Structures are given as C-alpha cells and as structure tokens.
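Trainee: Give the three-dimensional model of this entry:
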Amino acid sequence: MSDTHDGAQEVLRLQGLKKSYNVGKPTEVEVLHGLDLRLQRSDFAALVGASGSGKSTLLNLIGLLDKPTDGELFLLGEATRAMDDARLTALRGSEIGFVFQFHHLIQAFTALENVLMPLMVATGKPSREQLDRGRGLLAEVGLAGLEHRKPDQLSGGQQQRVAVARALVTRPALLLADEPTGNLDSKSAAEVFELFRKFNREFGCAVLLVTHDPRLSEQCDRTLTLVDGRLESDSGK
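Mentor: Numbering: from 1, shown residues only. Sure thing, here's the model as predicted:
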C-alpha cells in the first residue's frame, strides 16, 4: 500500500462494469449494465438503491469476491479482471476492509484476537508491532481495557466496533460497509458511523457504505443511487 494519504489518490475505478449470471444459457440475465465510477482516498460515499437494484452484486465485485462479465475494475491503479484467485485474495486481504451488518466475530477468540485475524491469516503468529497495532485500534474505537473479553462479554455496539477495528487492521485503502448499523440502536449506530468518519479523515481510507437508512446516507459526502443495475445518480455535497 502506498504511504501517501493524498486525498486525491484514486482507490477505485470502474469502467463499463457489467455482470451477468447464467452466461450462455437461455436464462442469462445481466444485473449490472456498464457502470462507471471513481473513488478517491478522501471519498466518503453511500450506495443506495431498492432491493434487487444490484447493490449486493456490485459490492461483491468491488470487494473482489466475484469477477465482472465485462468492463474493468481498477484497485489502486491495477486492473483486476484478469488476475488469478491467489492475487485477488492477496489484494483483497491487504487493501480492502469489510464491515457487515452481522459482525461475524469468532466466539472462541478475544476481542484482540478477532481484530488481529486478518494479519494472522496472512502472516501467522502476530508480531509485537501487530499486537500493538491491534491494541491501538481497539483504543481508537473506545474499547481500551476490553482486549481480552470474548464477544459474548461485549454489547452489540461493542462487538460491531471490534469488527470495525478488524476491518482496519491491515490499513486498507478502501473500507466497504454493508448495512453496518442495521442491527444497532441509534446511539451505537451514530458512534460506529463516526468511527468510519474518523478513519476516512485520519488514515485516508475511502469509505463506501451500503445503507437503507436515509439518515446515514444523508450524512455521507456522496450518494450513489443504483436503479435496476445502473448508476442513476452520483450526488456530492
């Protein structure tokens, strides 16, 4: 990852991105119809759209969990469509952080071990520097002193904060958040949203937030509206 935190650095570029299912069969259907999009490091954007508009499909493509049928997706200037699975996995692991509606913490692990999981998958036993980074992130999300608690000893809002710290431990260029406050009360939801803001501002981490909540999308700097597989609008404040 580049050390520059220049807000103008391009993190993501979609060019004519298309996605079809059942390709070559009578049931073939195109879900995404040639999307163009750019995200810079400084961007804090919401992705909104009705159920069935293609949000989940688009998020899977941007997260390098699936490949487009046509067009290209550039991450940090690298074209990804022709990459093999090993390279995609490595790039996803180092440059993209994921936060979901359900935090998916490992119940047998402590908060700190959950945060360090992406690093442990990549490098095995965490180094002293990585342990310090994990503790520092837990402090940043307001959980200093709770490093050794298991998920069932934490509230729902606290568990989601652990998930945010886990998503950021690799210092990714892009944070993808899929309905990240959907299971939280309004106070916890506001606190998690503020964490995204903080990391976007301080670490130059682009944020793309999928939400059905207009109160959240209205607080973002850009709102990308997906309608029937097309980006209908891209409104920036």
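Trainee: so K19 touches T57, yeah?
Mentor: Yes: counting by C-beta atoms under 8 Å, K19 does reach T57; the two are 5.5 Å apart. All C-beta atoms are positioned from the backbone trio N, CA, C, and that covers glycine.
Trainee: so what sits against both of the two?
Mentor: Residues touching both K19 and T57 (C-beta atoms under 8 Å, 6 or more residues apart in numbering): V31, L32, D66.
Trainee: Which secondary structure state does T170 sit in?
Mentor: Three-state call for T170 (DSSP: H, G, I helix; E, B strand; the rest coil): coil.
Trainee: Would you map the helices across this protein?
Mentor: Ranges of helices within the chain are 55-62, 85-95, 111-123, 128-140, 156-168, 186-203, 214-217, based on DSSP state H.
Trainee: What lies in contact with the third one?
Mentor: To tie it back to what came earlier, the one meant is helix 111-123. With C-beta under 8 Å, 6+ apart as the criterion, helix 111-123 contacts 93-94, 105-106, 109, 126, 130-131, 134-135, 137-138, 143, 146-151, 154, 162-163, 165-166, 169-170.
Trainee: what number of residues lie near R222?
Mentor: 16 (other C-beta atoms under 10 Å).
Trainee: contacting residues around the spatially most central residue of the chain?
Mentor: Closest residue to the average C-alpha location of the chain: L176 at 1.5 Å, with C-alpha atoms, centre = their mean. Counting by C-beta under 8 Å, 6+ apart, L176 makes contact with L59, I62, G63, I96, G97, F98, V99, L208, V210.
Trainee: so where's the chain uncertain?
Mentor: Scanning the chain for pLDDT under 70 picks out the ranges 1-8, 103, 122, 236-237.
Trainee: Most remote residue from the middle of the protein, which is it?
Mentor: Most peripheral residue of the chain (C-alpha atoms, centre = their mean): P26, 34.2 Å.
Trainee: Now do the phi/psi pair for that one.
Mentor: Dihedral pair for P26: phi -60, psi -20, per degrees, to the nearest 10.
Trainee: Make residue 1 into 238 and carry on from there
Mentor: Understood, numbering begins at 238; the last thing we discussed is P263.
Trainee: Quick one: residues contacting L445.
Mentor: Contact analysis of L445 by C-beta under 8 Å, 6+ apart lists L249, L276, D280, A282, A283, L284, L296, I299, L411, L412, L413, A414.
Trainee: Beta-bridge partners for it, please?
Mentor: With beta bridges defined as DSSP bridges, L445 has these partners: A282, L413.
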